[in-house]
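In: kindly generate the corresponding structure for this input.
(one chain, ligands or ions: 1)
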Amino acid sequence: MSALAMDVPPPSLLAAAALLVAFVAGLVIRWRHRSKYDLHLIPGPPAYPIVGNLPQMITWARPQLHLKVLAWMKEHGKIMKLILPGLGGYNLYIGDPEYLQNNVSGHGANGLPKSKLYNDFRVLASPNDVDTLFTCVETNEYWKAIRKGMARAFSTTALKDVFPQALRKVLELTDIIKKKPPTEPIEVQGLFLRLTFDVVGLAGYNIDFKGLQNEHHPFLEALEYCADDALATCLNPLRKWVKWAFPLGKLAQDCNKRYSQIYDYYKLIMRELRAREQPAADDMSIWACLMRIKDPRTGAPLDDATLSMEVGTFIIGGSDTTSHQLTWVLFAIATHPEVEQRVVDELKASGVFQLVRDGAADRLIYSDVMGLSYLGMVVKEATRMFPVGPLGGSRRTTEDGVRVCGYRVPKGTLIHINSLGLNNVPWLWDSPEKFDPERWVKHETSVESEDKAHPGQKSPPRKLWSFSDGPRDCIGQRLAIMELHLAVAVLLANFELRLAERMGGWEGTLSRQYIGLVMCIDGGMWLHFDPRVDLEE
Ligand code: HEM
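Out: Predicted coordinates:
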């Protein structure tokens, strides 16, 4: 007995041996990994063992991951790696448009599927774990049918049809602003959200959601909560477990309540739409297009559950994004009076200004505002500097050992189409930090010109990445751009814009935040709308 006891090594020795084995095993795994892949050669900020770059990404304040990623992309060049355990592991950020278009976004036929991170956003459209146009990871038969069927809803003909409804809402917004005391700044993020929500409602479903009339619209408040929750869950997978483990806790209870509110709202809309007659053959609204689609999985029209999810997808896709983009466009204009003056000059030269001032804005048509070329450049430039989905889309590699920009990477590596980075890195743009609408004219003529940095080579065409690229790019971008043109034209014909003092000017505001799914300002974006006095009138 005693001889046996003497043979057992003391626990401390056992622990040391276990540690040694683990260490050696770690080295072997690392060595094998290094010989199989080139990940260690890809530049990026230094990563900690086990937790990778997570500590640098986590902040107690509102997340500003997009600003960190931009700074790192600038530092590390055309390919940059982050190791984010729980967030797909290896994350690559590529600042080479040509590579992305040819190998990642599927501009040709060579697209990669979306990453699994999209699964966390399904919950915004439906309580069931099912795909929607936006969250479908694969470009499967379902996605193809919806994407094809919905393309008509965003064609020029369809946009011309919905233009009067969008105009009606922009005029309603103008009246709201006129009623406020001109000395008081107005918080525009919330106000514009109610505008774009209403535009999707009218243009897409011919329903007035009455967002502009209701400062605390229950659906919008619930959606904001849920979008915040979806992003937080995507960034911190533990959140899911907290909700599951503590069903009576505040987080789980609040989520239950808020998510039920948004699902109930989709059901309400569905009931109203279902009570109507079949849309006419020439109706190209979002609803009419959805009704015509045959589900490839059943061969029948989409059932109520699927319809309701897609109805929700277009409300979510069309509201928050466009409203915040409008906020940033007006912010850029308000802080550049010379640009504002040129937009007004163009409005005058085109006759749009006079129509609005004569109280005849309801006679405006689609081509009146879409034909304003300087305004178009202003919108484009603000959308370049401030893409409201700054982290952009993400895709994943499907083969093990595949080369990305020359480096071998494992299957499942995430590749980001990072719009903030691609729109702002210095090797793609001259003085990217300068708000310069004129760059878009120069750009058009410089596409075919020689690249200064590499004589003899053509400079690559500059592309705006704010709406992503390829077959999974934003299906609603033309509606969004129309809304941006229209709102800016009507607002500038009525008001002079001024950034409220509390915003701290151009530089102060650039410490922008990322809330929910979009880039905005924590605490609101405050603008003065001074009634425009026009001496020529
Ligand atoms: C300024 C406003 C907008 C911005 C910046 C924006 C941005 C984007 C981006 C970057 C994507 C691609 C995401 C990815 O690859 O993961 C996307 C997809 C999408 N957007 Fe937009 N969007 C805007 C407005 C709209 C509008 C007005 C609608 C509809 C009413 C809409 C509906 C969608 C849908 C359904 C998708 C998914 C398309 C697919 O996967 O096939 N968006 N959007």
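In: and the lengthiest helix in the chain, anywhere near the ligand?
Out: Using DSSP state H, we find that the single longest helix of the chain is helix 304-334. Yes - on the criterion CB under 6 Å from any ligand atom, helix 304-334 is in touch with the ligand at Thr313, Phe314, Gly317, Gly318, Thr321, Thr322, Gln325. Backbone N, C-alpha and C define where each C-beta goes, glycine included.
In: can you tell me the closest non-neighbouring residue to the second one?
Out: By the measure of CB to CB, 6 or more residues apart in numbering, the closest residue to Phe314 outside its immediate chain neighbours is Ile286, 5.2 Å from it.
In: how about the contacts made by that neighbour?
Out: Going by CB atoms under 8 Å, 6 or more residues apart in numbering, Ile286 touches Met150, Ala153, Val200, Ala203, Gly204, Tyr205, Val311, Phe314.
In: how does it look with 10 Å?
Out: Listed by CB atoms under 10 Å, 6 or more residues apart in numbering, the contact set of Ile286 reads 150, 152-154, 158, 162, 200, 203-206, 310-311, 313-315, 318, 476, 479.
In: swap in Ala305?
Out: So Ala305 contacts Ser126, Pro127, Asn128, Val130, Tyr266, Met270 (CB under 10 Å, 6+ apart).
In: buried ones among those?
Out: Among these, those classed as buried by neighbour count (16 or more other CB atoms under 10 Å) are Ser126, Tyr266, Met270.
In: strands - which of those land there?
Out: The strands, defined by DSSP state E, take in nothing from these.
In: what does the protein put close to the ligand?
Out: Residues of the chain that fall close to the ligand, judged by CB under 6 Å from any ligand atom: 133-134, 147, 200, 313-314, 317-318, 321-322, 325, 388-389, 392-393, 466-468, 472-477, 479-480.
In: buried residues in the strand or helix carrying Val339?
Out: Using DSSP states H and E, Val339 sits within helix 337-350. Of all the residues in helix 337-350, those buried under the rule 16+ other CB under 10 Å are Val339, Glu340, Arg342, Val343, Val344, Glu346, Leu347, Ser350.
In: just stretch 410-417 next, same as before
Out: Neighbour-count burial for stretch 410-417, counted by 16+ other CB under 10 Å, picks out Pro410, Thr413, Leu414, Ile415, His416, Ile417.
In: and which of these is nearest the ligand?
Out: Lowest distance from the ligand to the buried residues of stretch 410-417 (CB to the nearest ligand atom) belongs to Ile417, with 6.4 Å.
In: how about Pro301, phi and psi?
Out: Dihedral angles of Pro301 (phi, psi; degrees, to the nearest 10) stand at phi -60, psi 160.
In: excluding its backbone neighbours, what's nearest it?
Out: In this structure, Pro301 finds its nearest non-sequential neighbour in Lys294, 6.2 Å apart by CB to CB, 6+ apart.
In: give the contact list for Phe163.
Out: By CB under 10 Å, 6+ apart, the contact set of Phe163 is Ala203, Leu364, Ile365, Tyr366, Ser367, Asp368, Val369, Met370, Met482, Glu483, Leu486.
In: try Gly44
Out: When contacts are counted by CB under 10 Å, 6+ apart, Gly44 touches 52-53, 72-73, 75-76, 79-83, 90-93.
In: cutoff 7 Å now
Out: Gly44 makes contact with Trp72, His76, Met80, Lys81, Leu82, according to CB atoms under 7 Å, 6 or more residues apart in numbering.
In: who wins for neighbours among these?
Out: Neighbour count (other CB atoms under 10 Å) singles out Leu82 as the most crowded of these, with 27 neighbours.
In: surely it and Leu54 touch.
Out: No - Leu82 is not in contact with Leu54 according to CB atoms under 7 Å; the separation is 9.1 Å.
In: quick one: stretch 314-332 to chain centroid distance?
Out: 9 Å (CA atoms, centre = their mean, to the nearest Å).
In: hey, where'd the helices end up in the stretch 151-300 of the chain?
Out: For the stretch 151-300 of the chain, applying DSSP state H, counting those that start in this stretch gives helices covering 156-179, 188-199, 205, 218-235, 238-245, 250-274, 286-292.
In: right, I mislabeled it, should have said the stretch 351-500 of the chain
Out: 352-357, 366-370, 373-385, 419-424, 439-446, 477-494.
In: just say which of these is most tucked in.
Out: helix 419-424 (a mean of 26; mean count of other CB atoms under 10 Å).
In: returning to that earlier point: I'd like the helices of the stretch 351-500 of the chain as a markdown table, with mean pLDDT appended.
Out: A markdown table is the format used below for these (pLDDT from 0 to 100):
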| stretch | mean pLDDT |
| --- | --- |
| helix 352-357 | 96 |
| helix 366-370 | 97 |
| helix 373-385 | 97 |
| helix 419-424 | 95 |
| helix 439-446 | 66 |
| helix 477-494 | 98 |
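In: any chance of these in TSV, plus distance to Glu221?
Out: Output for the helices of the stretch 351-500 of the chain, formatted as TSV (distance: least, CB to CB, whole Å):
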stretch	distance to Glu221
helix 352-357	32
helix 366-370	31
helix 373-385	27
helix 419-424	27
helix 439-446	37
helix 477-494	22
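In: and the next element down the chain from the helix or strand of the chain with the lowest mean pLDDT?
Out: Within the chain, confidence by mean pLDDT, DSSP states H and E is lowest for helix 2-7 among all helices and strands, at a mean of 56. Once helix 2-7 ends, the next helix or strand along the chain (criterion: DSSP H and E) is helix 11-36.
In: pLDDT below threshold where in this structure?
Out: Scanning the chain for pLDDT under 70 picks out 1-6, 59-63, 107-110, 442-461, 508-512, 514-517, 535-537.
In: give me the most central residue, it.
Out: Gly389 (2.6 Å; CA atoms, centre = their mean).
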